[in-house]
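Colleague: what's the 3D shape of this:
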Amino acid sequence: MTDIAANRIQSRFEACAREGRAALVTFVTAGDPDLATSSAILAGLPAAGADLIELGVPFTDPMADGVPVQLAGQRALKGGQTLRKTLAMVADFRKAGHDTPIILMGYYNPIYVYGVDAFLKDALKAGVDGLIVVDLPPEEDAELCLPALKAGVNFIRLATPTTDDRRLPKVLQNTSGFVYYVSVTGVTGGAIADYGAVGDAVARIKRHTDLPVAVGFGVKTAADAATIASRADGVVVGSALVERVRLSLDDQGKATEKTVSAVTSLVAELAQGVRTAAKAA
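Modeller: Model prediction:
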């Protein structure tokens, strides 16, 4: 595997570990509810407390996403968001001086249509640090995972409650950056039923890898974030944030003066929850 130079993801997890706390990983959908507002939300996440950012690439058939993220993608696509515009958002974020790691999260089809080689070249140029592509299993690593690693882009893989010890080594084989543990079976936005089971799962995964393990799906509040932060290297929050976008819109579905702050204020609460867990540890 090619070494990944200037690895912002690794550096950020290491910095959080030195502070004795988990990293806060926030998910927002690119272009939701429009490009300008989405760019303003992205720009506001670091100061609000996001340690890493997952930027969702909207797609017409988001099979792994729950209703809030599906609706966010629909709003973004209606507004004309594309993969090329998403890369431009990242480039503008970097031009503004932000060094927060950005992971593009989505599905393979838009990348395939763009062209893998062209996409990886443009993603690196824009300042993308990693990819989460939920519909490419390890058996399809030659499609994108291996080219991404060779190009110097992290490829983050998902592990789930059904990923047993026989399957886990295959899942982790070419994973880099961190492991994303999906805490529930089903789509995004579901509630976490058993925090103890999450802690056990994180410990099991860490017996197989030295990579950080971040936990997502079902984290909605600062209290949720604090609980997960005491059990994992990172806490991922997505559906709660895109739902904040939806609730801030006017009756025409347009952004209001409250949209950006609705998201960043929740991020600040979640960041405080993560830091509270560190103090309590």
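
Colleague: The closest residue to residue 106 other than its chain neighbours and residue 70: what is the separation?
Modeller: Sequence neighbours aside, residue 57 is the residue nearest to residue 106 in space, at 3.4 Å (criterion: C-beta to C-beta, 6 or more residues apart in numbering). The way it works is simple: take the backbone N, C-alpha and C, and place the C-beta from them, glycine included. Counting by C-beta to C-beta, to the nearest Å, the gap from residue 57 to residue 70 is 14 Å.

Colleague: Of those two, which one has the most company?
Modeller: residue 57 (26 against 20; other C-beta atoms under 10 Å).

Colleague: Dihedrals phi and psi, that one?
Modeller: phi -100, psi 110 (degrees, to the nearest 10).

Colleague: What separation do you get for it and residue 180?
Modeller: Residue 57 sits at a distance of 16 Å from residue 180 (criterion: C-beta to C-beta).

Colleague: which SSE is residue 201 in?
Modeller: helix 195-206 (DSSP states H and E).

Colleague: following that helix, which helix or strand shows up next?
Modeller: Assigned by DSSP H and E, the successor of helix 195-206 is strand 213-216.

Colleague: Pull up the pairing partners for that following strand, direction included.
Modeller: strand 179-182 (parallel), strand 234-237 (parallel) (DSSP bridges).

Colleague: Find the one among the ones you listed with the highest mean neighbour count.
Modeller: Among the strands paired with strand 213-216, ranked by average contacts under mean count of other C-beta atoms under 10 Å, first place goes to strand 234-237 (a mean of 28).

Colleague: contacts for it?
Modeller: The contact list for strand 234-237 (C-beta atoms under 8 Å, 6 or more residues apart in numbering) reads 13, 16, 22-27, 51-52, 54, 178, 180, 212-217, 219-220, 225, 228-229, 267, 270, 274.

Colleague: average model confidence for it?
Modeller: The pLDDT scores in strand 234-237 average 96.

Colleague: And for stretch 107-118?
Modeller: The model assigns stretch 107-118 a mean pLDDT of 97.

Colleague: hmm, back to that, I'd say the residue nearest to residue 106 and residue 103 touch.
Modeller: No: the pair residue 57 and residue 103 does not pass the contact test of C-beta atoms under 8 Å, sitting 10.6 Å apart.

Colleague: Bridge partners for residue 106, pull those for me.
Modeller: residue 133.

Colleague: Distance-wise, check it relative to residue 198.
Modeller: 25 Å.

Colleague: And for residue 263?
Modeller: 25 Å.

Colleague: So which of these two has more stuff around it?
Modeller: Neighbours per residue, other C-beta under 10 Å: of residue 263 and residue 198, the larger number sits with residue 263, 28 against 21.

Colleague: contacting residues for that one?
Modeller: 28, 41, 44, 45, 48, 241, 244, 245, 248.

Colleague: could you dump the helix or strand in which it is found to PDB, C-alpha only?
Modeller: Here residue 263, judged by DSSP H and E, is contained in helix 259-280. Taking C-alpha atoms only, helix 259-280 is exported to PDB below (Å, rounded to 0.1, in the frame of the first residue of the first chain):
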ATOM      1  CA  THR A 259     -30.100  27.700   8.800                       C
ATOM      2  CA  VAL A 260     -26.400  28.000   9.300                       C
ATOM      3  CA  SER A 261     -26.500  28.600  13.000                       C
ATOM      4  CA  ALA A 262     -29.100  25.800  13.500                       C
ATOM      5  CA  VAL A 263     -26.400  23.400  12.400                       C
ATOM      6  CA  THR A 264     -23.400  25.000  14.000                       C
ATOM      7  CA  SER A 265     -25.100  25.400  17.400                       C
ATOM      8  CA  LEU A 266     -25.800  21.700  17.500                       C
ATOM      9  CA  VAL A 267     -22.200  20.900  16.600                       C
ATOM     10  CA  ALA A 268     -21.100  23.100  19.400                       C
ATOM     11  CA  GLU A 269     -23.300  21.200  21.800                       C
ATOM     12  CA  LEU A 270     -22.000  17.800  20.500                       C
ATOM     13  CA  ALA A 271     -18.400  19.000  20.800                       C
ATOM     14  CA  GLN A 272     -19.100  20.000  24.400                       C
ATOM     15  CA  GLY A 273     -20.500  16.500  25.000                       C
ATOM     16  CA  VAL A 274     -17.400  14.900  23.600                       C
ATOM     17  CA  ARG A 275     -15.200  17.100  25.800                       C
ATOM     18  CA  THR A 276     -17.300  16.400  28.900                       C
ATOM     19  CA  ALA A 277     -16.700  12.700  28.400                       C
ATOM     20  CA  ALA A 278     -12.900  13.400  28.300                       C
ATOM     21  CA  LYS A 279     -13.100  15.300  31.600                       C
ATOM     22  CA  ALA A 280     -15.100  12.500  33.200                       C
END
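
Colleague: No further questions, thank you.
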